[in-house]
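1. build me a structure from this.
(2 chains)
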2 protein chains.
Amino acid sequence: MPVNLPEIVPSSLTPIQGIRLGWAESNIKTENRKDLLVIEICDGSAVSGVFTQNRFCAAPVTLCKQHLTAVKNNTISGIKALVVNTGNANAGTGEQGMLDALTTCQHLAEIMAIPVESILPFSTGVILEHLPMDKLLAGLPLAVKNLTTDNWTDAASAIMTTDIAPKAYATQVKVGDDKIHITGISKGAGMIHPNMATMLGYVATDAHITQSLLDSMTKEIADLSFNCISVDGDTSTNDSFIVIATGKSDAPAITSANDKGYQEVFNALLETSQYLAKAIVRDGEGATKFITVTVKGALSVEEAKTIGFSIGKSPLVKTAMFASDPNLGRVLAAIGYASRECESLANLDTNQLELYFGDLLVAEKGGRAASYKEDDGQTIMNEAEIDMTVQLHRGNKESTIWTCDFSYDYVKINAEYRT
Amino acid sequence: MPVNLPEIVPSSLTPIQGIRLGWAESNIKTENRKDLLVIEICDGSAVSGVFTQNRFCAAPVTLCKQHLTAVKNNTISGIKALVVNTGNANAGTGEQGMLDALTTCQHLAEIMAIPVESILPFSTGVILEHLPMDKLLAGLPLAVKNLTTDNWTDAASAIMTTDIAPKAYATQVKVGDDKIHITGISKGAGMIHPNMATMLGYVATDAHITQSLLDSMTKEIADLSFNCISVDGDTSTNDSFIVIATGKSDAPAITSANDKGYQEVFNALLETSQYLAKAIVRDGEGATKFITVTVKGALSVEEAKTIGFSIGKSPLVKTAMFASDPNLGRVLAAIGYASRECESLANLDTNQLELYFGDLLVAEKGGRAASYKEDDGQTIMNEAEIDMTVQLHRGNKESTIWTCDFSYDYVKINAEYRT
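-> Coordinates of the predicted model:
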């Protein structure tokens, strides 16, 4: 079971004016399950995306980037629809994969009477297999027919692969007298799920935000949410994160970071994205613990994030967490070798840093803290949610990452997946 | 059981003229086991070392570096002895740890009547605990009393922690009419063993090699052997690799890479070091497969090595190998995200590269090879030794790394170690 991930309350997922969602069961991999989602986006919306850095990126990711570039170049007026299929990632599929992604957009463009380039396609599921195009294309008109504004809960289910639980979140903020609404969904249960190309996140708001501002906000929010999680350190070929701003609320347009409402909307988008990112870790393969690592007092955010992930990705730390073992040594060693991936850490003074489990000082001056009692560490490790803080005392930058433990079930899920 | 690691044949471990080894049972962690080793080195030897880059490096590592610097500065005439204890790593022990390492050297210096700075100390075992100095110091005279030339097999056992098998290798080369002998030992069963500070390697030869040449050879050999292995991607706080050249053979001195015999001796040292490094992987925690990844056609060795380790460290690849699953997708994804750790790979063209399992072409043109049959892949995966080759077709550099799979036993060993 996911670690402390509350069930979705459908009524809490506020519709976003200007957004309609429709799903279909198109039997892409499994019969009788929602596996195709169309999101219709009203005219005048700004849409921004960030995508996987994996060089084996999936065909739909390549097409998404091309279509977003077409918007930037004013070749088309804006993005009008997203189409997401689960069950097949269309990754590692060569030229045929590109053709299939394009054909998907062409068919949807015809049905919805919109330009091909105004559609962003997404696929998630098994890789190295070609999309079953007949089934997918047959599902498109059904999904379009289904379009309604209050379909967010179904949409969250329609993009799942082997996620145990659907993931959604909604919030709202007031700017002056006007309310701005934000609703989002995500999927993923590993940076790559076994043989899966995994992480997808979609967040929509009725705020009015200009395209270029939304672009920079999306990048910043991704760096503070989806780019701060790790289940197994593997980066998927399909990771995509999309933010849509429809501009349908009555609040005034936000055109710069100095505008009224900017900070409130940014914070609400971030809150939503962090919830959805953390939900992926809570539903991580075999996870029994949800672990937050905060690194403070760094010279740069990169230093802090590198140390955070060095701890969060270490198999030795993660197996110790699974065993509820307050194993200081493994955490210290992982801090010590973070310099492999961040040159400025080569002069890290390990005698200056402090390590805390929760509020408990466990290590300082290059070794175990004199005041530390293992029983106290054990009490903290017994919890399902574990916080660690590293204070480097060499600067004022910080970063927080989220990860889970490494259990027998992780090996089981990943060793047995294809057999 | 280790994967295809032959038992040591004691008679094969040729003594090296100028080297004597002595061990003791000093009850550092466990009763009735060899846990202390002294290696005596004759006058006129060259001794070189490379050490962990971990910022939490152990006290003995810091002292080793200081003493080798003293040799470089001609403060002392050379290294005369190594002392290695197992059972306790003296890492994460702060100021007291430095004092303990120094005290160990001081006592041994007195017993052997040599300068304190001519001694290199090494520790391996649990970290964050202080050395039991009474026991260790009591063992020193016993180990010195035991010094003989033919003790290599016992020495290999005396430095083990939780290694299942001792690791040793010997070879010889002829330079003209003269024979040069090389014998070495290593220990380790994970880049960090659970709570352990792990990898140690000692290789000795009777070749006559000048200090500065041996320094550069040692670095080059380490990069092609101990720096090419990964069990779990964690870098220990105590990793040390030492090469000793006693100069006692009748072969002429080697003073530069152009000298007669240089290449033969280099190759023999490399063969020995690679055997010892691979032995650590074969004895990797929970290992059931020994995996060799060769990356060819790279722009730089760094590119090749980064891709090799990206595959070799991926939990998804390693769990698939455990399941004997020819899971192409996970290997391709790991190649694709290697650019995270090597900037020049950002423009890697995945449509150009080929992936082979053994001699079998399994992927090309961005996806599965048309000729590939999964049954053929399965046959290769069923073996205990698996070779993978990536041909990038973008340059002429290459690198080979060795790793093992990720099994239930890895989680078991590392989750249960302290409980």
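2. all the helices of the stretch 1-150 of chain A, in order from the start?
-> Under the criterion DSSP state H, counting those that start in this stretch, the stretch 1-150 of chain A contains helices at A:59-72, A:94-112, A:133-145.
3. in JSON lines, list those helices along with distance to chain B.
-> Bear in mind the C-beta positions are built from the backbone N, C-alpha and C, glycine included. Formatted as JSON lines, those follow (distance: least, CB to the nearest CB, whole Å):
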{"stretch": "helix A:59-72", "distance to chain B": "9"}
{"stretch": "helix A:94-112", "distance to chain B": "4"}
{"stretch": "helix A:133-145", "distance to chain B": "16"}
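4. how about these in JSON lines, adding mean neighbour count and mean pLDDT?
-> Formatted as JSON lines, those follow (neighbours: other CB atoms under 10 Å in any protein chain shown; pLDDT from 0 to 100):
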{"stretch": "helix A:59-72", "mean neighbour count": "20", "mean pLDDT": "96"}
{"stretch": "helix A:94-112", "mean neighbour count": "19", "mean pLDDT": "97"}
{"stretch": "helix A:133-145", "mean neighbour count": "18", "mean pLDDT": "98"}
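5. and the gap between the residue lying farthest from the centre of chain A and residue A:329?
-> Computed with CA atoms, centre = their mean, the residue of chain A farthest from its C-alpha average is residue A:370, at 39.9 Å. Distance of residue A:370 to residue A:329, given as CB to CB, to the nearest Å: 17 Å.
6. Three-state assignment for the residue nearest to residue A:267 when sequence neighbours are not counted, please.
-> With CB to CB, 6 or more residues apart in numbering or on different chains as the criterion, residue A:267 has its nearest non-adjacent residue at 7.4 Å, and that residue is residue A:173. Following DSSP: H, G, I helix; E, B strand; the rest coil, we place residue A:173 in the strand state.
7. on that earlier part again, can you pull the contacts of the residue farthest from the centre of chain A?
-> Applying CB atoms under 8 Å, 6 or more residues apart in numbering or on different chains to residue A:370 gives no contacts.
8. help me confirm that it is found in a helix?
-> No - using three-state DSSP, the secondary structure at residue A:370 is coil, not a helix.
9. quick check: phi and psi on it?
-> Note on residue A:370: backbone dihedrals following degrees, to the nearest 10 are phi -60, psi -30.
10. before we move on, what about residue A:393?
-> Torsion angles, degrees, to the nearest 10, at residue A:393: phi 60, psi 40.
11. distance of it relative to chain B?
-> 14 Å (CB to the nearest CB, to the nearest Å).
12. give me the domain ranges for chain A.
-> Using automatic domain parsing, the domain ranges for chain A come out as A:10-282, A:290-416.
13. helix or strand: which one has residue A:278?
-> helix A:262-282 (DSSP states H and E).
14. who does that helix touch, helix- and strand-wise?
-> strand A:167-175, strand A:178-187, strand A:200-205, helix A:211-224, strand A:229-230, strand A:290-298, strand A:397-404 (3 or more CB pairs under 8 Å, 6 or more residues apart in numbering or on different chains; DSSP states H and E).
15. those: lowest mean pLDDT?
-> Between the helices and strands packed on helix A:262-282, the one with the least mean pLDDT is strand A:229-230; it has a mean of 84.
16. ok, the residue in the stretch 51-200 of chain A that chain B sits nearest to - contacts?
-> Across the stretch 51-200 of chain A, the shortest distance to chain B (CB to the nearest CB) belongs to residue A:56, at 3.2 Å. Taking CB under 8 Å, 6+ apart as the contact definition, residue A:56 lies against A:91-92, A:237, B:332-333, B:335-336, B:350, B:366.
17. at 10 Å instead, please
-> A:91-92, A:127, A:197, A:235-238, B:329, B:331-337, B:348, B:350-351, B:353, B:363, B:366-367 (CB atoms under 10 Å, 6 or more residues apart in numbering or on different chains).
18. now tabulate the helices of the stretch 1-150 of chain A in JSON lines and tack on distance to residue A:248.
-> Below are the helices of the stretch 1-150 of chain A laid out as JSON lines (distance: least, CB to CB, whole Å):
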{"stretch": "helix A:59-72", "distance to residue A:248": "19"}
{"stretch": "helix A:94-112", "distance to residue A:248": "19"}
{"stretch": "helix A:133-145", "distance to residue A:248": "21"}
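19. which one of those lies nearest to residue A:222?
-> Among the helices of the stretch 1-150 of chain A, the nearest to residue A:222 by CB to CB is helix A:59-72 (14.3 Å).
20. so which elements touch that closest one?
-> Using 3 or more CB pairs under 10 Å, 6 or more residues apart in numbering or on different chains; DSSP states H and E, the elements in contact with helix A:59-72 are strand A:46-51, strand A:81-88, helix A:94-112, strand A:119-126, helix A:211-224, strand A:240-245.
21. can you give me the strands in the stretch 301-419 of chain A?
-> Assigned by DSSP state E, counting those that start in this stretch, the strands in the stretch 301-419 of chain A fall at A:354-357, A:360-364, A:367-368, A:385-391, A:397-404.
22. export the ones you listed to TSV and append columns for distance to residue B:248 and mean neighbour count.
-> Shown next, in TSV, are those (distance: least, CB to CB, whole Å; neighbours: other CB atoms under 10 Å in any protein chain shown):
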stretch	distance to residue B:248	mean neighbour count
strand A:354-357	48	20
strand A:360-364	46	20
strand A:367-368	42	24
strand A:385-391	50	19
strand A:397-404	53	23
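23. could I get the pLDDT score of whichever residue of the stretch 301-419 of chain A sits closest to chain B?
-> Using CB to the nearest CB, the single residue of the stretch 301-419 of chain A nearest to chain B is residue A:336, 3.2 Å away. Confidence at residue A:336, expressed as pLDDT, is 91.
24. if I look at the closest residue to it other than its chain neighbours, how far off is residue B:92?
-> Using CB to CB, 6+ apart and skipping the chain neighbours, the partner closest in space to residue A:336 is residue B:56 (3.2 Å). According to CB to CB, residue B:56 stands 6 Å off from residue B:92.
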